[in-house]
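Trainee: dropping the sequence and predicted coords here.
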Amino acid sequence: MKRNLLLKGTRFRALYIADSFVLFAILFASLLVRFGTTWPKSFSTYLGGFFIAVLIHLLVYYFGELYEASPRIGARLLLPRVTALTTFAVLIDATLALITGFFLMPRGNLVAFGIFGSLGIAFNRWLSHKVRNNRFGKPRVLLVGNETDISLGSDHISLSEPEITVVGSTNNSMDLASRARELSATDILLMSAGGLESVYPAPLADIEKQRIGIFQRVIPSDTLLGLKRSLQIGGMPFIALRAHSLSKPRLTLKRMIELLYLWIGLIPLLLITTFVASYVRLLAGKNIIYRQERTGKFGRTFMMLKFRTMTENAEISTGVIKAEYKDARVIKGLDWVRKTRLDEIPQFVNVLKGEMSIIGPRPERPDFTNQYQLEIPGYERRHDIAPGITGLAQVKGRYHTDPAYKLGHDLQYLVNWSPILDLQILFQTIWTILVRRL
């Protein structure tokens with residue numbers, strides 16, 4: 001366990017330094033090869049431009065998750081991924097030059113920077129993998145499944161990947177985390193069908209906390225699920241399992257993009273807010289902001305804000321209940337505010353405070369959260385990110401859609417998140433509000 005914990009930290013700080021050194025070296029080497037010692041501009045000018053270019057590339061690599069811990073076994077080819085990210089960074093370099101007129105490097109050097117930069121960054125990761133194995137030893141795997149699958153898998157690993165050591169096997173998936181810790185296993189391979197059900201959700205989370213990799217072997221029938229990404233371990237196809245779907249870089253990128261959306265839509269949002277607030281004040285009287293406790297990121301509670309559309313103390317005689325279709329507690333004239341979701345505009349304040357996001361799983365009330373976590377396996381996974389004002393479950397389902405079905409949409413969102421998906425959900429939300437009652 002100590003070995004696995006050490007993999008986080010120094011290795012990745014060293015990668016930042018190594019990548020910076022490689023990128024600077026390529027920039028200056030390409031300048032020397034092209035111009036010799038007679039440069040078109042001064043050293044200080046190029047140094048400033050190169051510093052900005054390297055910073056841009058490091059940021060792209062960070063958000064592209066090149067500094068996240070990678071599996072010790074079954075690693076995919078990095079060069080295609082690194083090349084795609086480097087190309088994107090070079091396009092940013094070129095766009096910045098076109099907009100500002102300040103070229104970070106001679107234009108003819110951009111292509112060389114892209115090609116050799118990709119090779120250098122990929123080499124750093126290959127070297128890092130070698131250093132990690134030399135420092136912490138060979139990967140040690142625990143095989144889980146029936147005897148036939150374990151025997152066959154062990155033979156494949158010994159023949160195809162002798163650098164991997166099989167330290168043990170078990171047909172009992174209970175308490176895998178402690179078993180792996182006892183054997184100092186770095187990875188767990190689920191060799192038989194049905195392994196997912198045995199580790200989801202609790203054992204998987206415990207295993208991930210110990211930074212132990214866990215993989216499920218892909219059997220022929222799994223291809224019907226349309227799996228597109230698999231890893232090769234000992235000549236066998238596997239998929240990597242993760243208890244948490246969004247890495248820190250992706251969460252940071254999501255937060256930055258949503259703050260940008262708020263900045264772009266600030267003026268129209270203020271105008272709409274002023275209109276709705278005035279209308280609610282006219283019909284509902286004072287106390288137009290309603291505060292309700294909801295479950296947020298990592299299960300922490302917060303006070304969600306809404307415009308009040310029901311009578312005050314609406315639950316004083318009923319207790320905590322879900323709103324119903326054509327709920328009698330809704331103030332006359334404010335039903336359309338609820339149907340168009342304009343009552344949720346104050347939640348943008350929650351977004352600014354970091355308690356919510358614009359797009360994500362809808363926050364539930366703690367009473368319902370506790371109930372669903374007992375009834376629906378893996379329900380707590382939807383709390384990996386801050387809850388959203390809208391989300392995939394809201395545009396694909398309805399208010400009274402079963403929570404288990406909503407959870408399926410929420411987890412699909414977590415697994416497949418991208419800025420493009422967020423834009424699609426935003427446009428679908430607007431369309432949904434306009435054409436149907438939620």
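Mentor: Looks like it came in fine. Here the structure is a predicted model, which is why all the values come from computation and not from measurement.
Trainee: right, and Pro377 touches Val199 too?
Mentor: No - contact criterion C-beta atoms under 8 Å: Pro377 and Val199 do not qualify, at 11.2 Å. In this view, the C-beta of every residue, glycine as well, is placed from N, C-alpha and C.
Trainee: of the two, who's got more company?
Mentor: Neighbour tally, Pro377 and Val199, criterion other C-beta atoms under 10 Å: the higher count belongs to Val199, 23 against 14.
Trainee: so that one touches Ser173, yeah?
Mentor: Yes - taking contacts as C-beta under 8 Å, Val199 lies within contact range of Ser173: 6.2 Å.
Trainee: which residues do these two both contact?
Mentor: The contact sets of Val199 and Ser173 overlap at Leu190 (C-beta atoms under 8 Å, 6 or more residues apart in numbering).
Trainee: could you pull out the buried residues of the host helix or strand of Leu55?
Mentor: Assessed by DSSP states H and E, Leu55 sits inside helix 43-63. Across helix 43-63, burial judged by 16 or more other C-beta atoms under 10 Å covers 46, 49-50, 53-54, 56-58, 60-63.
Trainee: what segments of the stretch 151-300 of the chain are strands?
Mentor: For the stretch 151-300 of the chain, the strands defined by DSSP state E, counting those that start in this stretch occupy 165-170, 187-190, 213-217, 231-233, 236-240, 289-295.
Trainee: turn these into JSON lines, columns for mean pLDDT, mean neighbour count and distance to Ile345.
Mentor: JSON lines is the format used below for those (pLDDT from 0 to 100; neighbours: other C-beta atoms under 10 Å; distance: least, C-beta to C-beta, whole Å):
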{"stretch": "strand 165-170", "mean pLDDT": "91", "mean neighbour count": "17", "distance to Ile345": "54"}
{"stretch": "strand 187-190", "mean pLDDT": "91", "mean neighbour count": "27", "distance to Ile345": "46"}
{"stretch": "strand 213-217", "mean pLDDT": "88", "mean neighbour count": "24", "distance to Ile345": "42"}
{"stretch": "strand 231-233", "mean pLDDT": "86", "mean neighbour count": "19", "distance to Ile345": "45"}
{"stretch": "strand 236-240", "mean pLDDT": "87", "mean neighbour count": "19", "distance to Ile345": "40"}
{"stretch": "strand 289-295", "mean pLDDT": "92", "mean neighbour count": "17", "distance to Ile345": "11"}
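Trainee: ok, which of the ones you listed comes nearest Leu31?
Mentor: Smallest distance to Leu31 across the strands of the stretch 151-300 of the chain (C-beta to C-beta): 39.7 Å, for strand 231-233.
Trainee: show the pLDDT at Tyr413.
Mentor: Looking at Tyr413, its pLDDT stands at 91.
Trainee: contacting residues around it?
Mentor: 359-361, 391-393, 421, 425.
Trainee: how about a cut-off of 6 Å?
Mentor: Each residue near Tyr413 by C-beta atoms under 6 Å, 6 or more residues apart in numbering is listed here: Leu392.
Trainee: restricting to C-alpha, output the helix or strand containing it in CSV.
Mentor: Per DSSP H and E: Tyr413 is located in helix 403-416. Extracted in CSV, the C-alpha atoms of helix 403-416 (Å, rounded to 0.1, in the frame of the first residue of the first chain):
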residue,chain,number,x,y,z
PRO,A,403,-34.8,7.5,-9.2
ALA,A,404,-33.0,4.3,-10.4
TYR,A,405,-33.6,5.3,-14.0
LYS,A,406,-32.4,8.9,-13.3
LEU,A,407,-29.3,7.4,-11.7
GLY,A,408,-28.5,5.6,-15.0
HIS,A,409,-28.6,9.0,-16.8
ASP,A,410,-26.5,10.7,-14.1
LEU,A,411,-23.8,8.0,-14.2
GLN,A,412,-23.7,8.1,-18.0
TYR,A,413,-23.1,11.8,-17.8
LEU,A,414,-20.2,11.3,-15.3
VAL,A,415,-18.6,8.7,-17.5
ASN,A,416,-19.0,10.5,-20.8
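Trainee: how far off centre is it?
Mentor: 14 Å (C-alpha atoms, centre = their mean, to the nearest Å).
Trainee: quick check: next helix or strand after it?
Mentor: Downstream of helix 403-416 (by DSSP H and E), the next one is helix 419-435.
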